[in-house]
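1. Can you look at this prediction? I've put the sequence above it.
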Amino acid sequence: AFTLPGAQGGSADKPKKIAVLTSGGDSAGMNAAVRAVVRMGIARGCHAYIIREGWEGLVRGNTEYHETVASTANTPQTSQPATPALSRNASFAALPPSQRLAAATKGASSRNRKSGQPYGPLTFGFGDLLKDGAGEGEDEAGAAADLALHQSGEPSTSGSEYPGSGTAGGADGQKTLKGMYIVRVGWDDVRGWMGEGGTLIGSSRCPAFRTREGRLKAAENLIHFGIDCLAVCGGDGSLTGADKLRGEWPSLVKELLEKKRITKDQAETFAHLNIVGLVGSIDNDMAMTDLTIGGITALHRICEAIDSISSTASSHSRAFVVEVMGRHCGWLSLLAGIATGADYVFIPEQPPKSARWEEEMCEVLRAHRRVGKRKSIVIVAEGALDRNLNPIKGEDIKDVLVKQLGLDTRVTTLGHTQRGGKPCAWDRILPTVQGVEAVETLLSATPTTPSYMIGISENKITRVPLLEAVAQTQAVATAIEAKDFDKAISYRDPEFAESLQAFIASSTLDERFKVPQEKRLRVGIIHVGAPAGGMNAATRQAVRYCVARGHTPLAIHNGFEGLLEDNVQELSWLRVDNWTTRGGSELGTNRTLPDANLGGVAAAFQSHAFDALLIIGGFEAWHALQIMETARSNYPSFQIPMCHLPATLSNNVPLTDFSLGSDTSLNALIDACDAIKQSASASRNRVFVVETQGGMSGYIATLGALAVGGVLCYTPEDGISLDLLRKDVEFLKKRYELDAHGKSEGRLVIKSEKSSKVYTTEVLTNILKEEGKDLFDARSASLGHTLQGGTPSPLDRTRAARLTLRCMQFLEEHAVSPSLKAPYKGRNKVLTSNTPKSAASITIQGSQIIFAPVADVLKAADMKNRTGKETWWKDMKALAELLGGRTGLVGND
Ligand code: ATP
């Protein structure tokens, strides 16, 4: 669960100063983290700084503007600590970039030209400088920046720091940002950063920071700027550096004082440094957190590539070896293997069991070809090893496939495409929530608290001691070097081991996993309700698991209607091969419940001799389970283990934090909103009211608003009132007034379709249009069924595989061996599956996966609105509106 933090960043006359930097390899989502730290810092009354080019920027400090910036930044503020005042100043923004920055650095911008009043937090117009023309010439620019930083000792003037050379912003930026690495930023400087890939504030590898002298300089710069809170977003190296800086801090301060580089007062004021780590890394290689910022986006890029490769591989009956990133971590390789339905994966933590990996791999692929597969996909992590620690490379695998299996084989190395592109929905939400938690952690830190790293466990944002997380991460590499592979796996989060198990169960075709004949089950699989991304991936996993264990997978087509029509068919291993990537419902689904003809459904269960049932779907699917469980005493054929796997884009199944399909839907929403926003921005002052699906659940609208930076959000849970509308209109007017002399922005309002019966999307849009007058215009867009998404997202596919594995294990655990079955009449006597526990939904609750019996779900359900009574995301709406600026301008309701 998430709650809004409440700590204050110092007092109005002595605000705390929070700085944020990104370091090491860049990853998608770093910009969202920076935005969250900056905006939440300002919202809490702090001054916010960005440090450009990672540790390098902190070591360098500001060569040209050091004094000026420091004194400008100390200008008294008008903002109250609890109120995030919007900082965009009309006359300031209207200046051409060169004058804007010059004005800022000379302190001229600290007074409003019209009113003569001091501003709120200063805006340097920095965000615009970086964003204008972003994306042009990135590669050479990045290389040039590295060279400039590391070789010449001079700050780079290349395009990566000042993108868009040739544009006004870029050209001016080259001149004016030179020598400024530590920059005070305002609210609007991070506007629109959510959807940008990479890191807009720059990153680098900094050899100087590895030395004490470098860290001494870094400490001196922090003290000179008065910065006492530092958020670092990077991989394990960057966070090791952070911990080192914090550990050495007292001695660094002492040395600076002895060398008279700081005053006694400064030494006393800055006796402690608060540091927090945010893990930005595409490899997802950090221990003690399930996910790192950027990992899921990299998985998106890999899956897009492999999905494309798959069709051509199939056409030509080829084999493809795909090399993905991951030096000591096989997460990308493994998860991509699950999400794309690959045949074999190589990961550093778990090399093939036998020393002769060639034979082991060929045996698996041969078996797949024997049952009729036309394509073979092998994914190899760049750090893959054999049992004797010899590297396994793509070309080695290719040679084996050609020589031993005679397969026409190609190698594809995905390289830096994996880093690129815009962040997926999760890599906007996760860094936002973690960035907010980072600010809270910094503000509540005391000299005795350790430095924390912000992590996530299932759906719980966690704080873990930074040192411990870094040590455990490094221990994985050490365990691999010592050939202790089980230990290496044990250091990864439990999800990793479970995913590996899921992959093996879905890709292995041999006898070793089969259960004895008397334990083999006939497992019915049914889809109920609306289609959702991941339903087919879950079905594939269930079928593959059944085949691996010797059970019989029986697909019930077209829901309970289909069952009544006897539309039941055994599925084969090969039949479901491509199902991970397919959207919709391959089995067919509808909303009919079993009570349409309960006797008929029970008879069908009996005639097909189901020993267990997997029900995949949303609220209706759970309702179906409830109906059958309640009827167990009258219909013995329901006295079998039954498991419900939540799958619905509305995410309205009570108790579970996530349903399959909700991530796919959020990604469909951000794609649509990014396009809409572009159009809205082109017309400058346009507000778009975007209507989402979701029934009586505001999940998609709320998380969607958080992910796209929507300024307002309407949900069925909160409804819409006249008073609320009045305040929202007031906010938009104030916001556009602040823009009026500068560059106006398109803005998004996300509205759940059932937020209000009266204030429909059309009515709302008309009200905004009418009230906006000359300030802003309003349009609407309804996303409708597009939100069911096309291809399911990698997160939904992999979550489907992992949760289905658990469901199948649940069914086995609660099933009674068929050979022990008495005739149906006597079943009560022998079956354990008649207990309430044996009919359950699999739920993600905070950091745990829990099988919730029907009665527990019922207790948590709002049956009228078909949703849960409690939702973990309810505070996210307030967070979205706070980070969107509404709270700062018109306050909370
Ligand atoms: P990635 O996951 O992309 O490799 P990373 O943060 O692990 O990211 P590194 O190159 O290991 O990347 O580290 C980035 C920077 O952090 C280094 O250039 C250096 O400035 C600093 N750093 C790394 N390790 C240490 C250390 N042991 N002591 C001090 N600083 C360090």
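-> The structure has been received and is ready for your questions.

2. Stretch 210-220 and the ligand, any residue contact?
-> Yes - remark: stretch 210-220 sits within contact range of the ligand at residue 210, by C-beta under 6 Å from any ligand atom. Bear in mind the C-beta positions are built from the backbone N, C-alpha and C, glycine included.

3. what comes up buried for that stretch?
-> Neighbour-count burial for stretch 210-220, counted by 16 or more other C-beta atoms under 10 Å, picks out 214-220.

4. Can you tell me which of these is nearest residue 396?
-> residue 214 (40.1 Å; C-beta to C-beta).

5. For the chain, give me the ranges with low pLDDT.
-> 1-13, 63-178, 680-681, 683-684, 740-744, 817-833, 892-893 (pLDDT under 70).

6. Show me which residues of it are close to the ligand?
-> Counting by C-beta under 6 Å from any ligand atom, the residues of the chain that sit close to the ligand are 23-25, 55, 205-206, 209-210, 234-238, 240-241, 244, 281.

7. ranges for the helices of the stretch 301-450 of the chain?
-> Applying DSSP state H, counting those that start in this stretch to the stretch 301-450 of the chain gives helices spanning 331-340, 357-370, 394-405, 426-444.

8. Return the distance of the next helix or strand after the longest one from the chain's centre.
-> The reference is to helix 426-444. Next helix or strand after helix 426-444 toward the C-terminus (DSSP states H and E): strand 452-457. From the chain centre to the centre of strand 452-457 is a distance of 14 Å (C-alpha atoms, centre = their mean, to the nearest Å).

9. For whichever residue of the stretch 301-450 of the chain sits closest to the ligand, which residues are in contact?
-> Nearest residue of the stretch 301-450 of the chain to the ligand (C-beta to the nearest ligand atom) works out as residue 327 at 8.0 Å. Applying C-beta atoms under 8 Å, 6 or more residues apart in numbering, we find residue 327 in contact with 283, 285, 348, 382-383.

10. Need phi/psi at it.
-> Main-chain dihedrals, residue 327, degrees, to the nearest 10: phi -70, psi -50.

11. Kindly confirm whether my reading is correct that residue 564 touches residue 599.
-> No - between residue 564 and residue 599 there is no contact under C-beta atoms under 8 Å: 10.2 Å.

12. which of these two has more neighbours?
-> The residue with more neighbours, out of residue 564 and residue 599, is residue 564; 17 against 11, by other C-beta atoms under 10 Å.

13. what about whatever residue of the chain ends up closest to the ligand, distance to residue 285?
-> Residue nearest to the ligand within the chain: residue 237 (1.9 Å; C-beta to the nearest ligand atom). From residue 237 across to residue 285, the span is 11 Å (C-beta to C-beta, to the nearest Å).

14. more crowded one of the two?
-> Taking residue 237 and residue 285 together and counting by other C-beta under 10 Å, residue 285 has the greater number of neighbours (25 against 19).

15. Tell me who's in contact with that one.
-> Counted by C-beta under 8 Å, 6+ apart, residue 285 has contacts 235-236, 292, 326-329, 331, 473, 476.

16. What does it show for phi and psi?
-> The phi/psi pair for residue 285 (degrees, to the nearest 10) is phi -100, psi 10.
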